[in-house]
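A.B. asks: let me see the structure of the following:
(one chain, ligands or ions: 1)
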Amino acid sequence: MGVEICVEGLTKSFGHQVIWQDVSLTLPAGEVSVMLGPSGTGKSVFLKTLVGLLKPERGSITIQGRDITRLREHDLYEVRKLFGVLFQDGALFGSMNLYDNIAFPLREHTRKSESEIRRIVLEKMDMVGLIGAEEKLPGEISGGMRKRAGLARALVLDPEIILFDEPDSGLDPVRVAYLNQLIVDLNAQIDATFLIVTHDIASARQVPDNIGLLFRRELVMFGPREELLTSDEPVVRQFLNGRMQGPIGMAEEKDAAQVEQELAALGDGDGKGARSPGSQALTPRLLPGPGIPRPPRWEAIARREAALHEKAVAGA
Ligand SMILES: Nc1ncnc2c1ncn2[C@@H]1O[C@H](COP(=O)(O)OP(=O)(O)OP(=O)(O)O)[C@@H](O)[C@H]1O
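C.D. replies: Numbering: from 1, shown residues only. As a prediction, this is how the structure comes out:
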């Protein structure tokens, strides 16, 4: 069913450099959440902190009733078994074929027989559409296939939580669309809790149940997809629309007067002006493919989104 992750007051620094502070959010069990943010805002650091690879200075991360920031290495090792992680490049071993790469966690962490391992590996390869590619080496396949292989490997221990670090990086738009569909289908099938770090706005609009945005060393917003997509918060709108006008600058944030001027020129005001709150377009959600039942939460989400749409139409 996936497990909930409850983050409270989390702060991470390297020396004097504060990466982000006082981050609080709950990743609901079984739901898909996306974390956005300009480059260097610490999204990867956040993933590594969740899985216990980096220690925060303050705050807690509660999973199944235990604060993992306080666990000793041995207990942390147990908690890590709840996680599957898809690293940016798939993090495959270049000298091993795909079958052995995907079998690796099972051989390392379980005492399963080779026949049982074979059943699991082939099942996961089938789930990600890689049947027939067992003998291929990572260097012989496309970036999209490497991501799928990394995903199959992340699935073999039946994780309750899957972390995706920029799954779409380096892929063409069509491969990204296929990967997004795979992510939505997998979530409906295995019901694990997903957290995806991405820069791809189209994916962020269509795939998740929840979206968060890191900026200026803080979590600016975290909430249901429809709330973020219809938000009038300037930084959220700038990011989701991928434009230069707004608080996010080339390397640093901009000063308030410049932001005001840019938003006025766009006709956006400061979010309190011309448009009514919640007037932003709501991109349709990506649905699981044919034959894959939708998880029960989808009905409630659809009702919420329909209500928001009606409100926007009434306010227009
Ligand atoms: N182990 C580390 N030691 C010191 N500084 C680090 C370490 N890991 C990350 N950082 C710093 O933390 C900051 C955030 O890095 P991170 O890779 O998490 O950003 P990001 O939001 O994922 O960026 P991008 O979107 O470009 O991938 C950067 O300034 C980086 O240099």
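
A.B. asks: ok, W298 - contacts?
C.D. replies: Contacts for W298 (Cβ atoms under 8 Å, 6 or more residues apart in numbering) come out as none. Heads up, the C-betas are built off the backbone N, CA and C, glycines and all.

A.B. asks: in which helix or strand would I find it?
C.D. replies: Using DSSP states H and E, W298 falls within helix 297-315.

A.B. asks: average pLDDT for that helix?
C.D. replies: In this model, helix 297-315 has a mean pLDDT of 76.

A.B. asks: show me where the stretch 1-150 of the chain has its helices.
C.D. replies: Remark: helices assigned in the stretch 1-150 of the chain by DSSP state H, counting those that start in this stretch are 43-50, 73-80, 98-109, 114-127, 143-155.

A.B. asks: now these in JSON lines, with distance to E310?
C.D. replies: Output for the helices of the stretch 1-150 of the chain, formatted as JSON lines (distance: least, Cβ to Cβ, whole Å):
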{"stretch": "helix 43-50", "distance to E310": "34"}
{"stretch": "helix 73-80", "distance to E310": "43"}
{"stretch": "helix 98-109", "distance to E310": "46"}
{"stretch": "helix 114-127", "distance to E310": "37"}
{"stretch": "helix 143-155", "distance to E310": "37"}
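
A.B. asks: for those, which has the smallest mean pLDDT value?
C.D. replies: Of all those, mean pLDDT reaches its minimum on helix 73-80 (a mean of 87).

A.B. asks: in it, which residues are buried?
C.D. replies: Residues of helix 73-80 classed as buried by neighbour count (16 or more other Cβ atoms under 10 Å): L76, V79, R80.

A.B. asks: just the CA trace of stretch 294-302, in CSV.
C.D. replies: Extracted C-alpha coordinates of stretch 294-302, given in CSV (Å, rounded to 0.1, in the frame of the first residue of the first chain):
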residue,chain,number,x,y,z
ARG,A,294,-7.4,3.2,-11.1
PRO,A,295,-6.5,3.4,-7.4
PRO,A,296,-9.4,4.2,-5.1
ARG,A,297,-8.1,7.7,-4.3
TRP,A,298,-8.7,8.8,-7.9
GLU,A,299,-12.4,9.3,-7.5
ALA,A,300,-11.8,11.8,-4.6
ILE,A,301,-9.1,13.6,-6.6
ALA,A,302,-11.4,13.8,-9.7
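
A.B. asks: which positions in that stretch come out as buried?
C.D. replies: Residues P295, I301 are the ones in stretch 294-302 that count as buried (16+ other Cβ under 10 Å).

A.B. asks: roughly how far is that stretch from the heart of the chain?
C.D. replies: Relative to the centre of its chain, stretch 294-302 is centred 19 Å away, using Cα atoms, centre = their mean, to the nearest Å.

A.B. asks: ok, stretch 78-90 next?
C.D. replies: Offset of stretch 78-90 from its chain centre (Cα atoms, centre = their mean): 13 Å.

A.B. asks: which residues touch it?
C.D. replies: 3, 47, 50-52, 63-64, 66, 68, 71, 109, 138, 146-147, 149-151, 153-155, 157, 159-167, 169-170, 192.

A.B. asks: quick check: ChimeraX command selecting the buried ones in the residues you listed.
C.D. replies: ChimeraX command restricting these to the buried ones, with burial defined by 16+ other Cβ under 10 Å:
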select :3,47,50,51,52,63,68,71,138,146,147,149,150,151,153,154,155,157,159,160,161,162,163,164,165,166,167,192
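
A.B. asks: and the ligand, which of the contacts of stretch 78-90 reach it?
C.D. replies: Near the ligand, taking Cβ under 6 Å from any ligand atom as the test, no member of the contacts of stretch 78-90 is found.
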